[in-house]
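**Q** Below are the sequence and a predicted model; questions follow.
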Amino acid sequence: AQSVTQPDIHITVSEGASLELRCNYSYGATPYLFWYVQSPGQGLQLLLKYFSGDTLVQGIKGFEAEFKRSQSSFNLRKPSVHWSDAAEYFCAVVPRGAQKLVFGQGTRLTINP
Amino acid sequence: DSGVTQTPKHLITATGQRVTLRCSPRSGDLSVYWYQQSLDQGLQFLIHYYNGEERAKGNILERFSAQQFPDLHSELNLSSLELGDSALYFCASSDTGSETQYFGPGTRLLVL
């Protein structure tokens, strides 16, 4: 079935540590790929997106993501997290020919001081 | 600030009632999307409008309806409300031909 999977429901990292959030998708054709962040009580903010081209994309707030076609993955990374990065992170896709976002279940990030 | 506005921020109502959620897209965006975020279903696509016309439907209940007006704002109408309709409702907009959607702050609906 077509889907977006974020295997980690909750991740805890220490402030200053590196971060990687995983995302896998299952679609016949590579969809358009996105990462959004939702801070407590807030809306969804676009972090970055991948449509084509360079497989390493840079986003806002120091985040980057790498597209790996062979693994159907689009993992989000940050070299050094800050306490303000604590939030829920959603991987999402727009399937080719569709006009909607399909979201993963989200990964809640907690930062230890 | 994405430029997408939603009103009201919070809404508390009773079962069986009807409510209307409002969304104004970013300036120049003709597409408006509605999503529902609940604890059990996650983020689910409801419906997409483009320049006043319905373009795609997702998991939207028959009790729910939407429309987009000539000034491009959109309204989501929820009727015969049930406890399970309690959720965060997001509106998003996008530019013509763009796959990138920008989200509003959401309306939190509580049905008691």
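**A** Sure, I can see it. Numbers count the residues shown, from 1 in each chain, chains lettered A, B, ... in the order given.
**Q** Name the nearest residue to B:Thr96, ignoring sequence neighbours.
**A** B:Leu30 (5.4 Å; Cβ to Cβ, 6 or more residues apart in numbering or on different chains). C-betas here are computed from N, CA, C, even on glycine.
**Q** What segments of chain B are helices?
**A** Applying DSSP state H to chain B gives no helices.
**Q** quick one: contacts for the residue nearest the centre of it?
**A** Note on chain B: the residue nearest the mean C-alpha position is B:Trp34, at 3.4 Å, using Cα atoms, centre = their mean. Contacts for B:Trp34 (Cβ atoms under 8 Å, 6 or more residues apart in numbering or on different chains) come out as B:23, B:45-48, B:60, B:66, B:74, B:76, B:89-92.
**Q** Filter those down to the buried ones, ChimeraX style.
**A** Remark: buried members of the contacts of B:Trp34, expressed as a ChimeraX selection using 16 or more other Cβ atoms under 10 Å in any protein chain shown:
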select /B:23,45,46,47,48,60,66,74,76,89,90,91,92
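**Q** just curious, which of the contacts of B:Trp34 is nearest to chain A?
**A** Closest approach to chain A among the contacts of B:Trp34 (Cβ to the nearest Cβ): B:Phe45, at 4.0 Å.
**Q** you'd agree A:Ser84 is in a strand?
**A** No. When DSSP: H, G, I helix; E, B strand; the rest coil is applied, A:Ser84 is found to be helix, with no strand at that position.
**Q** in chain A, what spans have low per-residue confidence?
**A** Across chain A, nothing is flagged by pLDDT under 70.
**Q** mind listing which of the contacts of B:Trp34 are in strands?
**A** Members of the contacts of B:Trp34 lying in strands (criterion: DSSP state E): B:23, B:45-48, B:66, B:74, B:76, B:89-92.
**Q** Quick check on B:Gln41: phi, psi?
**A** Reported as degrees, to the nearest 10, the phi and psi values for B:Gln41 are phi -100, psi -10.
**Q** for it, what are its contacts?
**A** For B:Gln41, the contact set (Cβ under 8 Å, 6+ apart) comprises B:Asn59.
**Q** Could you report the neighbour count for B:Tyr33?
**A** B:Tyr33 is flanked by 29 other residues according to other Cβ atoms under 10 Å in any protein chain shown.
**Q** ok, it touching B:Gln44?
**A** No. At 11.3 Å, B:Tyr33 does not count as touching B:Gln44 under the criterion of Cβ atoms under 8 Å.
**Q** Please determine how far the residue nearest to the centre of chain B is located from chain A.
**A** Distance of B:Trp34 to chain A, given as Cβ to the nearest Cβ, to the nearest Å: 10 Å.
**Q** Which strand residues bridge that residue?
**A** B:Ile47, B:Cys91 (DSSP bridges).
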